[in-house]
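Student: sequence and predicted structure, then a few things I'm wondering about:
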Amino acid sequence: MEFKVPTMAELMAAGEEPEILFWVGCAGSYDERAQKITRDICKILHHVGIKYAVLGTEESCTGDPAKRAGNEFLFQMQAMTNIEVLNGYNIKKIVTGCPHCFNTIKNEYPGLGGTYEVIHHTQLIQDLINEGKLKAEGGESFKGKKITYHDPCYLGRGNGIYEAPRKALEVLDAQLVEMKRCKTNGLCCGAGGAQMFKEPEKGNKDINVERIDEALETNPQFIAAGCPFCMTMLSDGIKLKDKEQEVKVLDIAEITARANGL
């Protein structure tokens with residue numbers, strides 16, 4: 001499927017406004033694995049006919065890693081730059097592919113002058129399913145397949161969003177199996193709080209290995225994720241366990257795109 005993703009600058013020049021701005025995020029822009037998720041989110045937006053745009057080169061990091069690592073000054077600089085751009089374009093609604101971007105723009109930006117309606121891509125997918133615009137037909141069938149979903153910390157425990165990603169999986173007619181630790185009792189993949197960018201402290205087991213052990217206990221064919229950092233950690237865990245042939249780690253957006261034949 002070939003189509004062009006418009007930038008805000010292009011829409012502005014044409015005197016148009018999007019319904020929603022897609023905030024791609026650093027991982028979604030630069031991480032090779034996460035780029036596939038970005039493409040699939042765009043495919044979904046394009047498929048349902050929502051008028052959207054991205055900031056392109058005008059987007060910079062939300063400042064989440066800097067803040068979590070303790071550099072408040074850098075965070076505020078990064079945040080103010082983004083808020084100026086967003087307010088300059090009169091942005092009202094934002095969808096993100098990353099729970100970290102989601103949490104930061106939704107909860108941290110209002111205090112710095114940036115107030116927007118922010119949704120995560122799993123919420124967008126849930127809304128589209130509820131409106132009957134996404135059907136989970138015309139593509140790959142997940143009927144009867146065993147899927148376990150890993151709750152990202154910033155989506156689940158951080159913002160109480162448990163239903164949307166599960167709703168997106170329920171329409172597949174798959175067999176949804178929960179891990180021992182899920183929802184409000186979920187376990188971090190090991191990459192939150194800027195841990196993604198440093199080596200783990202000494203211990204007897206890496207967090208992502210602990211999490212993958214829990215996931216494999218459910219004997220799944222697919223592990224569903226909703227965050228590019230979780231994607232990296234879970235995929236690394238699967239590689240370590242030598243289960244790449246048997247178990248696939250996919251983002252909810254990828255599963256949705258596949259089910260709809262996009």
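Tutor: Here it is on my side, so go on. Numbers count the residues shown, from 1 in each chain.
Student: so where do the helices sit in the stretch 1-150 of the chain?
Tutor: 8-13, 25-30, 32-48, 64-68, 72-88, 99-103, 121-130 (DSSP state H, counting those that start in this stretch).
Student: ok, and what's touching the first one?
Tutor: Read it as helix 8-13. 17, 18, 21, 53, 54, 55, 56, 58, 89, 91 (CB atoms under 8 Å, 6 or more residues apart in numbering). C-betas here are computed from N, CA, C, even on glycine.
Student: next one: stretch 238-254
Tutor: 36-37, 40-41, 44, 97, 121-122, 125, 149, 165, 168-169, 209, 212, 215-216, 220-226, 228, 231, 234-235, 258.
Student: same question, stretch 128-136
Tutor: 44, 47-48, 125, 142, 167-168, 171-173, 256, 259-260.
Student: show me what counts as buried in stretch 96-111.
Tutor: 96-106, 108-109 (16 or more other CB atoms under 10 Å).
Student: stretch 10-23 now?
Tutor: 11, 18, 20, 21, 22, 23.
Student: columns pLDDT on top of those residues, output as TSV?
Tutor: Listed next are the buried residues of stretch 10-23 as TSV, based on pLDDT from 0 to 100:
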residue	pLDDT
11	96
18	97
20	98
21	98
22	98
23	98
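Student: just give me the closest of these to residue 117.
Tutor: Closest approach between the buried residues of stretch 10-23 and residue 117, by CB to CB: residue 20, at 9.0 Å.
Student: the closest one contacts residue 93, doesn't it?
Tutor: Yes. Between residue 20 and residue 93 there is a contact under CB atoms under 8 Å: 4.8 Å.
Student: where does the stretch 51-200 of the chain dip in pLDDT?
Tutor: Applying pLDDT under 70 to the stretch 51-200 of the chain flags no residue at all.
Student: which parts of it are strands?
Tutor: Assignment of strands within the stretch 51-200 of the chain using DSSP state E, counting those that start in this stretch yields the ranges 52-53, 93-96, 117-120, 146-149, 175-176.
Student: for residue 56, grab the count of nearby residues.
Tutor: 14 (other CB atoms under 10 Å).
Student: what's near enough to touch it?
Tutor: Per CB under 8 Å, 6+ apart, neighbours of residue 56: 7, 8, 9.
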